[in-house]
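[1] Following is a predicted model, sequence given first.
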Amino acid sequence: MADLPTARVAKERPFLNVGVDFGGPFLIKESSRRNARSQKAYLCLFICFTTKAIHLELVSDLSSAAFLAALDRFIGRRGLPRCIYSDNGTNFTASARELSEVYTLLQENCTEISDTLAQRQVKWIFNPPAASNFGGLWESGIKSAKHHLRRVIGAQLLTFEEFTTLLCKIEAILNSRPLIDLSPDPSDNVDYLSPGHFLIGTSLLSAPEEDISETPLNRLSRWRLLQRPAQCFWKLWSTSYLQSLTPRNKWFNNSSTLKVGDLVLLPHLHRLPLHWPIDKI
């Protein structure tokens, strides 16, 4: 296995080197009226190379203006990046319609976007053509956000503001995931390091909410209806994330048994969003 790129292991501030990817399309409606028209929207993901922190933006279409507007919002909240990495378009499967639309964005607007970034002294670096082994970091990020997002939304149509609010909640969920233990000393206070620590200096915690993931949709108000997908996303993603941390490779690699001081996750069935019940042996 080759070494990681320098941008992945350098000690730098969050979002100085980022990868960008798109997901979708998703259908949103123009307003909360019952007969409001629907239109396409796309998920734009920025992921930090150093901390694996994720930033999600909703864009109304795949145009250079919409992407640059999302980039301005990202820069205003996360700071100016030095390098932006992305697929170059030829890595997409032409038969997939949604990916071919992203390919068109990158091909037709490459010069305009690159010129705008160059004025800010930002490098835009494309992956080599036909190199499917590149870009795994942001591909896994967009998969985490998009896969369960489609499952929890289903046939619901949200407005642009409601969808943006839901993305902010999902962003907080993804940035609350444990990365490593802060200290191997059992006498220390139990804590773990997450991407949120690099963003605000501490863990991301949400206010306790009533569990409405099993409540029928026709009994929920519009605001409760928006909270339900976020709670369902948390349940689905937290379960799949735990499974990804336990690869079945014990027949091929030597692994150590649990010992005093190891960080463990307690198997609570009802975990609040952004709260990971962690303890030490």
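    Looks like it arrived, so ask away. Computed from a predicted structure; not experimentally measured. Numbers count the residues shown, from 1 in each chain.
[2] for this protein, what are the low-confidence residue spans?
    Applying pLDDT under 70 to the chain flags residues 1-3, 88-108, 129-133, 135, 181-191, 202-203, 205-231, 233-256, 267-276.
[3] Remind me what the lengthiest strand in the chain packs against, helices and strands.
    Among the segments of the chain that qualify as a strand by DSSP state E, the longest is strand 17-29. Counting contacts by 3 or more Cβ pairs under 8 Å, 6 or more residues apart in numbering; DSSP states H and E, strand 17-29 packs against strand 38-48, strand 83-86, helix 97-108, helix 136-153, strand 158-159, helix 160-174. Every residue, glycine included, has its C-beta placed from N, CA and C.
[4] Quick check: which helices or strands does the shortest one pack against?
    So that's strand 158-159. Going by 3+ Cβ pairs under 8 Å, 6+ apart, strand 158-159 lies up against strand 17-29.
[5] buried ones in the strand it packs on?
    Buried residues in strand 17-29, counted by 16 or more other Cβ atoms under 10 Å: 17-26, 28-29.
[6] partners of it in the sheet?
    Paired with strand 17-29 in the same sheet, following DSSP bridges, are strand 38-48 (antiparallel), strand 83-86 (parallel), strand 158-159 (parallel).
[7] Checking my notes, residue 33 in a helix, right?
    No - assignment of residue 33 by DSSP: H, G, I helix; E, B strand; the rest coil gives coil, placing it outside any helix.
[8] and the gap between residue 163 and residue 147?
    Residue 163 sits 17 Å away from residue 147, going by Cβ to Cβ, to the nearest Å.
[9] Which one's more surrounded, the two?
    residue 163 (23 against 14; other Cβ atoms under 10 Å).
[10] and the more buried one, what does it touch?
    Contacts for residue 163 were tallied using Cβ atoms under 8 Å, 6 or more residues apart in numbering; they are 26, 28, 41, 58.
[11] change it to 6 Å
    Taking Cβ atoms under 6 Å, 6 or more residues apart in numbering as the contact definition, residue 163 lies against 28, 58.
[12] again, but for residue 70
    Neighbours of residue 70 in contact, by Cβ under 6 Å, 6+ apart: 44, 57, 59.
[13] would it count as being in a helix?
    Yes - according to three-state DSSP, residue 70 belongs to a helix.
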